[in-house]
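Visitor: got a structure for you, letters missing:
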């Protein structure tokens, strides 16, 4: 019984947290790492959400997630970790109407597509298909909104 209690305490209480760190007006960040490789990023984020909610309540405000990221642990290789950026907002603040937490991509694919000399004045065979594919890249996070706009202009200029 003592072994089970000790393992439970180590698994739950052995996580390293940065505690709330101010990163802007009413905006904070907490990072946390698990004590073993057997945790998921989701469980570490849940701990951060609880800590952030308590922190905001201590200021008489409400917790609002902004951005979150995390990596699952791999037993014997790495610990689970996560970061949550959040705001502590007053009741009635319009930003509380909808959570805005966005996952942060851990992989970014960069495309270096270049037009060949003869392609510049050639009209697209299917403009709709090209724009649909481009929008799918934006929605999946492979390209940014700025990259989307730039490529959309190129497609429409054909």
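Guide: Received it, and whenever you're ready, just let me know what you need. No experiment lies behind these values; they were computed from the predicted model shown. Residues are numbered from 1 along each chain as shown.
Visitor: what are the buried residues along the lengthiest helix in the chain?
Guide: For the chain, the helix with the greatest residue count under DSSP state H is helix 41-58. Across helix 41-58, burial judged by 16 or more other CB atoms under 10 Å covers 41, 43-45, 47-49, 51-52, 55-56. Bear in mind the C-beta positions are built from the backbone N, C-alpha and C, glycine included.
Visitor: right, and the helix or strand after it?
Guide: Per DSSP states H and E, the first helix or strand lying C-terminal to helix 41-58 is strand 62-71.
Visitor: looking only at pLDDT, what's the mean for stretch 140-157?
Guide: What stretch 140-157 shows for mean pLDDT is 87.
Visitor: got the buried residues for that stretch?
Guide: Across stretch 140-157, burial judged by 16+ other CB under 10 Å covers 142-143, 148, 151.
Visitor: who's in contact with residue 23?
Guide: For residue 23, the contact set (CB atoms under 8 Å, 6 or more residues apart in numbering) comprises 29, 85.
Visitor: can you give me phi and psi for it?
Guide: Torsion angles at residue 23 (phi, psi; degrees, to the nearest 10) stand at phi -130, psi 10.
Visitor: likewise residue 130?
Guide: phi -60, psi -40.
Visitor: after the helix or strand hosting residue 22, next one along is what?
Guide: If you go by DSSP H and E, residue 22 is part of strand 21-24. Downstream of strand 21-24, the first helix or strand assigned by DSSP H and E is strand 27-33.
Visitor: is residue 59 in contact with residue 88, as I believe?
Guide: Yes - between residue 59 and residue 88 there is a contact under CB atoms under 8 Å: 5.4 Å.
Visitor: now do residue 102, the pLDDT please.
Guide: We have a pLDDT of 60 for residue 102.
Visitor: bridged to residue 29, which residues?
Guide: residue 21, residue 85 (DSSP bridges).
Visitor: can you check residue 67 too?
Guide: Under the criterion DSSP bridges, residue 67 forms beta bridges with residue 85, residue 102.
Visitor: quick check: the gap between it and residue 84.
Guide: Relative to residue 84, residue 67 is positioned 7 Å away (CB to CB, to the nearest Å).
Visitor: so these two - more neighbours on which side?
Guide: Neighbours were counted for residue 67 and for residue 84 using other CB atoms under 10 Å; residue 84 has more, 24 against 15.
Visitor: show me what contacts the more buried one?
Guide: Shown in contact with residue 84 (CB under 8 Å, 6+ apart): 29-30, 45, 48-49, 52, 65, 67-68, 101.
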